[in-house]
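J.: Build me a model from this:
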Amino acid sequence: MKIMLVEDDLELLSQLQNLLSEQRYLIDTAADGKNALDKIFAESYDLIILDIMLPEVDGLTILQEMRQAKIITPVLLLTAKGSVDDRVNGLDFGADDYLTKPFSIAELLARIRALLRRPGREYDTHLTTGNISLDTVSREVTKAGGSLVLTPKEFSLLEFLLYNKNRPVSRITLAEHVWGDDFDPFTMSNTIDVHIKNLRHKIDAQETDKSLIKTVRGVGFMVQE
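T.: Residues are numbered from 1 along each chain as shown. Predicted structure coming up:
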């Protein structure tokens with residue numbers, strides 16, 4: 001498997017390159033956005049690990065140009081802690097996942113394995129499961145063709161769960177994605193439960209044990225195909 005690693009912190013870039021090489025991945029690197037774009041458009045990769053804050057061309061611009069060119073290589077974004085807008089924009093532009101710095105090596109390797117296992121797909125702004133469809137651009141959600149009215153927080157929760165379909169998402173990860181810097185670990189778990197309950201009521205119209213959003217005991221929630 002060939003991975004493109006884009007990171008302007010040269011020490012971190014070297015550490016990650018050595019780590020991933022030890023895992024027997026073939027690694028190509030770039031320390032600025034211009035060099036990264038040149039390589040991405042010239043070579044074929046199985047995965048791109050892309051820092052957002054880069055000299056020359058930022059990571060979000062790289063991602064946007066890739067998707068406009070129909071390059072569907074999976075992208076794992078590396079973001080700064082608290083940069084909620086960057087994470088949301090990254091997902092809207094077609095990122096497949098994101099990891100907030102500082103991150104653990106175990107989590108990075110797990111995210112890489114998960115992305116490399118995903119089947120190839122054409123980039124689409126529509127996220128679907130069953131009879132539920134979510135448009136990340138128009139921010140419309142439909143069920144069996146009928147419109148659903150969600151609050152902004154409910155939309156963000158559903159969007160993030162659909163992006164991570166078939167993979168459990170922890171309450172902390174959901175809170176960081178949806179509430180960002182307003183995240184309070186002492187009260188957020190109950191807040192998330194309330195929003196998930198309201199979201200289920202709108203999208204299910206049936207008992208919670210048959211809910212689209214499954215509770216993963218001791219972890220969080222998951223949308224399962």
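J.: Pull the contacting residues for the most centrally placed residue in the chain.
T.: Taking C-alpha atoms, centre = their mean as the criterion, residue 97 is the residue nearest the geometric centre of the chain, at 2.6 Å. Residues near residue 97 by C-beta atoms under 8 Å, 6 or more residues apart in numbering: 74-77, 111, 114-115, 163-164. For every residue, glycine as well, the C-beta is placed using N, CA and C.
J.: cool, and residue 44?
T.: Residue 44 touches 2, 73, counting by C-beta under 8 Å, 6+ apart.
J.: how close does it get to residue 223?
T.: Applying C-beta to C-beta, to the nearest Å, the value for residue 44 to residue 223 is 30 Å.
J.: repeat for residue 34
T.: Separation of residue 34 from residue 223 (C-beta to C-beta): 38 Å.
J.: again, but for residue 154
T.: Distance from residue 154 to residue 223, by C-beta to C-beta: 14 Å.
J.: Of the two, give the one with the bigger neighbour count.
T.: Comparing residue 154 with residue 223 by neighbour count (other C-beta atoms under 10 Å), the higher total belongs to residue 223, at 24 against 20.
J.: Could you tell me which residues make contact with the more buried one?
T.: Contacts of residue 223 (C-beta under 8 Å, 6+ apart): 129, 158, 161-162, 164-166, 212-214.
J.: Which of those fall within helices?
T.: 158, 161-162 (DSSP state H).
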